[in-house]
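In: One predicted model, sequence on top.
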Amino acid sequence: MVMITSEGFSLQQIAASLLGDPILRVSWDEERLVVERQQDGAFLQFQRNDSIANYYDDEEGDVFKGSINKPVYFILNFQDLSFAKQILLLALDRADLYLDNDMGLILPGDKFIKVVKESPDWDWLQQKNSTGRALK
C-alpha cells in the first residue's frame, strides 16, 4: 500500500494521533514511522520512498494530481491486516492524502476510511475496480 501526500506533510501528524494509546509503541523521524502493538508485535510502518513516483503513469497520477502539489510517497508495510485497519481508522481519516492499495484503487484517505468503516471485513489487498483502473 502507498500513501501519497503533499511535500511538507509530517509523519509526526500521524504519530500525534496515536501517542495516547497505551497498547501502542510509536517511533518516527522525517522518513519513517513505526506503530507497533506491544502485546504481539503487530506493526504498521510508513517509509518515505519518492522513487516510486516513477511508477505512477499519467492515469494513476491524474487521480491525485489536482489535489496534491509536489507529492511525496510513503510505502506502508504491515503483517496483520486487521491491525493496519485499526491504525488507519485512528490516523488517516483525512482528505489531505491518498491511499493506493497497489491493485488499481486510489482514494482520498477519508473515502478509503469510509469504505473500511462500512465494510470492516474488506480486504483492500484484493480490491480492484471493475476495469482494473484507479478510482477517483
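Out: Received, thanks.
In: for the protein, where's the lowest mean pLDDT among helices and strands?
Out: Every helix and strand of the chain was ranked by mean pLDDT, DSSP states H and E. The lowest is helix 58-65, at a mean of 67.
In: May I have the strands that pair with the helix or strand just after that one, each with its orientation?
Out: Using DSSP states H and E, the helix or strand that directly follows helix 58-65 along the chain is strand 71-78. Using DSSP bridges, strand 71-78 pairs in its sheet with strand 2-6 (antiparallel), strand 43-48 (antiparallel).
In: Need the ones you listed in CSV (columns: mean neighbour count and distance to Leu18).
Out: Yep, even glycine has a C-beta here, placed from its N, CA and C like the rest. CSV is the format used below for these (neighbours: other CB atoms under 10 Å; distance: least, CB to CB, whole Å):
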stretch, mean neighbour count, distance to Leu18
strand 2-6, 21, 15
strand 43-48, 19, 10
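In: which stretch in those is the model least sure about?
Out: By mean pLDDT, the lowest-scoring of those turns out to be strand 2-6, with a mean of 93.
In: Just give me how far that strand sits from the chain centre.
Out: A distance of 7 Å separates the centroid of the chain from that of strand 2-6, by CA atoms, centre = their mean, to the nearest Å.
In: Contacts for that strand, please.
Out: Strand 2-6 has contacts (CB atoms under 8 Å, 6 or more residues apart in numbering) with 46, 52, 64, 68-76, 92, 96-100, 102, 106, 109.
In: What pLDDT is listed against Ile23?
Out: Here, the pLDDT recorded for Ile23 equals 94.
In: ok, how many other residues are close to it?
Out: Neighbour count of Ile23, defined by other CB atoms under 10 Å: 9.
In: So it sits against Gln38, correct?
Out: Yes - the criterion here is CB atoms under 8 Å, and Ile23 meets it with Gln38 at 5.8 Å.
In: Now do the buried residues in stretch 88-101.
Out: Buried residues in stretch 88-101, counted by 16 or more other CB atoms under 10 Å: 88, 91-94, 97-101.
In: List the beta-bridge partners for the residue most central in space within the chain.
Out: Of all residues in the chain, the one closest to the mean position by CA atoms, centre = their mean is Met3, 4.0 Å from it. On the basis of DSSP bridges, Met3 is bridged to Phe74, Leu99.
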